[in-house]
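>>> got a predicted model here, sequence first, then my questions.
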Amino acid sequence: MSASPRPGPSAPPPAPEFLLGGDLPVRRLGYGTVQLAGPGVWGPRGTDAQATAVLRRAVELGVTLVDTADNYGPGLVEERVAAALHPYPKGLVVATKGGVVRTSAEAWHVEGRPERLRAMCEESLRRLRTDRIDLYQLHRFDREVPMAEQLGTLRELRDAGKVRHVGLDSVTAEQLRAALDLDIVPIVSVQNRYNVLDRVSEPLLRLCEARGIAFLPWFPLGNGGLTDHPECAAIARDHGATPSQIALAWLLHHSPVLCPTPGTGSVAHLEENLGAAAIRLTVRELARLDALTATP
């Protein structure tokens, strides 16, 4: 009977928390709410009771970062978050986004005019039943509006006490650098597509590391494409885990600023995802995952 292969030396354990904006601690593995909306992120997915069960279970399991957006539904998912979790427990950070208007399941309209951004923030405050949004992220830069005007509006919202921290969604490293150079409002987070097979945003990640900015990767599981990846599956067997857990564990090991918020409408999948925080990958396993072909 042959001996089991040695797992090899463990990599340093990933930090469990990130200090958002220098003053707001969040657990690095959070929960994203996009799957609480239906196909096309339009209308509801499942019942309100099912959404409430998932959101409350996330908090029970120690999630302190819940990520949503005003255009999920649209509006519906923010309302579901409030219905399930308000009054919000101490230490829970609810992040939302504005700057994109929905008119159908297929239509996404970027809108960065100051008056529209202010109105969208007010609507999010109302739906979330709060006086201040912990993290308000601009969902897209509007090419028709000067960057300084959009950032200036976010600064006004922060100065008025309606927003605690400001982030950006779907930006390039060049755009983030330009926003930082303008120095209008501190940028504490970015949210871009990123996972073990899709590292187009690696330059952005490195800039975030250099500036202490949180990077919230969307599609951290490749929109489901990593759940049966053979390399993830092979490593998962050695840990008694699932490929999804390995893909999330890789993110936590790969960079201390990565704060994945995988989404699901299932309590079982939520529990599976959050189990990734306990996985300690070895140096050899990280090298195998690092070597996977990234999306060009």
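Yes, it's here. Numbers count the residues shown, from 1 in each chain.
>>> how about residues contacting stretch 46-54?
Applying C-beta atoms under 8 Å, 6 or more residues apart in numbering, the contact partners of stretch 46-54 are 31, 36, 44-45, 80, 83-84, 264-267, 270. All C-beta atoms are positioned from the backbone trio N, CA, C, and that covers glycine.
>>> one more time with 10 Å
With contacts defined as C-beta atoms under 10 Å, 6 or more residues apart in numbering, stretch 46-54 is touched by 31, 33, 35-38, 44-45, 76-77, 79-81, 83-85, 263-271.
>>> longest helix of the chain?
Longest helix of the chain, by residue count under DSSP state H: helix 114-128.
>>> how about the helix or strand following that one as CSV, C-alpha atoms only?
Next along the chain after helix 114-128, taking DSSP states H and E as the criterion, comes strand 133-138. Taking Å, rounded to 0.1, in the frame of the first residue of the first chain, the C-alpha atoms of strand 133-138 are listed here in CSV:
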residue,chain,number,x,y,z
ILE,A,133,-24.0,54.2,3.1
ASP,A,134,-20.8,52.6,4.4
LEU,A,135,-19.3,52.2,0.9
TYR,A,136,-20.8,53.8,-2.2
GLN,A,137,-19.2,52.8,-5.5
LEU,A,138,-19.5,54.5,-8.8
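>>> how close does Phe95 get to Arg126?
You called it Phe, but residue 95 is Ala. Between Ala95 and Arg126 the computed distance is 17 Å (C-beta to C-beta, to the nearest Å).
>>> tell me which of the two has more neighbours.
Ala95 (26 against 13; other C-beta atoms under 10 Å).
>>> what sits against that one?
Each residue near Ala95 by C-beta under 10 Å, 6+ apart is listed here: 20, 26, 30, 32-33, 65-69, 133-137, 165, 167, 189, 191, 214, 216, 261.
>>> can you rerun that using 6 Å?
Going by C-beta atoms under 6 Å, 6 or more residues apart in numbering, Ala95 touches 67, 135.
>>> the helix or strand harbouring it pairs with which strands, parallel or anti?
In this structure, Ala95 is located in strand 93-98 according to DSSP H and E. Sheet partners assigned to strand 93-98 using DSSP bridges are listed as strand 65-67 (parallel), strand 133-138 (parallel).
>>> can you tell me which of these is nearest to Met147?
strand 133-138 (9.9 Å; C-beta to C-beta).
>>> need the next SSE after that closest one, C-terminal direction.
helix 147-159.
>>> could you give the mean pLDDT of that following helix?
Mean pLDDT, computed over helix 147-159, is 98.
>>> and that helix, C-alpha only, in PDB?
Extracted as PDB, the C-alpha positions of helix 147-159 are listed here (Å, rounded to 0.1, in the frame of the first residue of the first chain):
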ATOM      1  CA  MET A 147     -14.200  62.600 -14.300                       C
ATOM      2  CA  ALA A 148     -13.700  65.500 -11.900                       C
ATOM      3  CA  GLU A 149     -17.400  66.200 -11.900                       C
ATOM      4  CA  GLN A 150     -18.400  62.700 -11.000                       C
ATOM      5  CA  LEU A 151     -15.700  62.400  -8.300                       C
ATOM      6  CA  GLY A 152     -16.700  65.900  -7.100                       C
ATOM      7  CA  THR A 153     -20.300  64.700  -6.600                       C
ATOM      8  CA  LEU A 154     -19.100  61.700  -4.600                       C
ATOM      9  CA  ARG A 155     -17.100  64.000  -2.500                       C
ATOM     10  CA  GLU A 156     -20.100  66.200  -1.900                       C
ATOM     11  CA  LEU A 157     -22.100  63.100  -0.800                       C
ATOM     12  CA  ARG A 158     -19.300  62.100   1.600                       C
ATOM     13  CA  ASP A 159     -19.000  65.600   3.000                       C
END
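>>> use 9 as the first number for this chain going forward.
In the new numbering, first residue 9, that becomes helix 155-167.
>>> what residues does that helix touch?
120, 122, 125, 129, 171, 174, 190, 192-193.
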